[in-house]
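Asks: need a structure here:
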Amino acid sequence: MENSREPRGTVHLVGAGPGDPDLLTVKAARLIGCAKVIVHDGLVDPAILALAHPAAQLISVAKQRSRHTMAQEEINALLVRTALAGDDVVRLKGGDPFIFGRGGEEVEACNAAGVPVEVVPGISAAIGAAAAAQIPLTHRASASIVSFVAGQCKGLTEQDWSGLAGKGRTLVIYMGVATSEAIAEKLMADGLAPDVPVAVIEKATRADMRVLRGPLAGLPSLVAREAVKSPALIVIGEVTGQSEQELRTFAAEVER
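Replies: This is a model prediction of the structure:
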């Protein structure tokens, strides 16, 4: 007896990287160019969406603080419904799908519905932003540990960040612009010195990218004064306060 099961499409969770289309993986660019349906986040750069086929259906599921175009459960249902109808769908996410991209939840939804799913990694926002700003997240002279945390989530003040920042460590904070004051107070209350250097990287890898620097205690005023907008990352640690040349010089002195 022949298998009469209806054909199912595949959901491709694709990382769009930090913004610059040239930083897409070859596979990501190919899938975007061939896709009939693209479900994309608001942080995906328009230049990347311009790579889509002219006949492709582009569906925005942009999320903003306290205001979502579509709840995550509805996004999951959209992906499953589209695939069950027989269409492949590219779920396009800024950065990497598995780093604060809710990719795990979407994979679980697809698996539960019996829908084939593939994850295509992208350059994460932290890696892309740091590279564009020439800030080494790890360095033999300054930092051997790097941690990623979300600065915009429920129960921020109750989270335990002790030990994530300080000497020999770099802390990268996603979605922390709106909560920068609480973040600075939290870290200083945990014992981090007020003069620890901080960098705020806005619109990384894009033509209008900005890199703003200052001490931890001045983070809230820096964000307010410069009217920092998302997408932006906050990097905390010694590596942000020194140029790459200074770090190389220091490393050379350590080896002597």
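Asks: got a list of what residue 15 touches?
Replies: 25, 28, 93-97, 101, 120-124 (C-beta atoms under 8 Å, 6 or more residues apart in numbering). Quick note: C-beta positions are derived from backbone N, CA and C, even for glycine.
Asks: same thing but at 7 Å, please
Replies: By C-beta atoms under 7 Å, 6 or more residues apart in numbering, the contact set of residue 15 is 28, 93, 95, 96, 97, 120, 121, 122.
Asks: which stretches of this protein have low pLDDT?
Replies: Counting by pLDDT under 70, the low-confidence segments of the chain come to 1-6, 64-68, 153-155, 242-256.
Asks: For residue 206, see how far away the most centrally placed residue in it is.
Replies: Taking C-alpha atoms, centre = their mean, the centroid of the chain lies closest to residue 125, which sits 3.9 Å from it. Residue 125 is 12 Å from residue 206, where distance means C-beta to C-beta, to the nearest Å.
Asks: for residue 74, same thing?
Replies: Look at residue 74 and residue 206: by C-beta to C-beta, they are 29 Å apart.
Asks: okay, the two: which has more neighbours?
Replies: residue 206 (15 against 12; other C-beta atoms under 10 Å).
Asks: In the stretch 101-250 of the chain, mark out all the strands, start to finish.
Replies: 117-120, 143-150, 168-174, 197-202, 210-215, 232-236 (DSSP state E, counting those that start in this stretch).
Asks: could you check the angle strand 168-174 makes with the second one?
Replies: If you take axes from the mean of the first three to the mean of the last three C-alpha atoms, to 10 degrees, strand 143-150 sits at 20 degrees to strand 168-174.
Asks: What angle do strand 232-236 and strand 143-150 make with each other?
Replies: 140 degrees.
Asks: what's the offset of strand 143-150 from the middle of its chain?
Replies: Distance of strand 143-150 from its chain centroid, counting by C-alpha atoms, centre = their mean, to the nearest Å, is 14 Å.
Asks: Determine the set of other helices and strands touching it.
Replies: Packing partners of strand 143-150 (3 or more C-beta pairs under 7 Å, 6 or more residues apart in numbering; DSSP states H and E): strand 168-174.
Asks: what do you get if the cut-off is 10 Å, keeping everything else the same?
Replies: Applying 3 or more C-beta pairs under 10 Å, 6 or more residues apart in numbering; DSSP states H and E, one finds that strand 143-150 contacts helix 125-133, strand 168-174, strand 232-236.
Asks: Can you give the distance from the shortest one to the centre of its chain?
Replies: So the one you mean is strand 232-236. The answer for strand 232-236 is 11 Å, by C-alpha atoms, centre = their mean.
Asks: With that, I have no additional questions.
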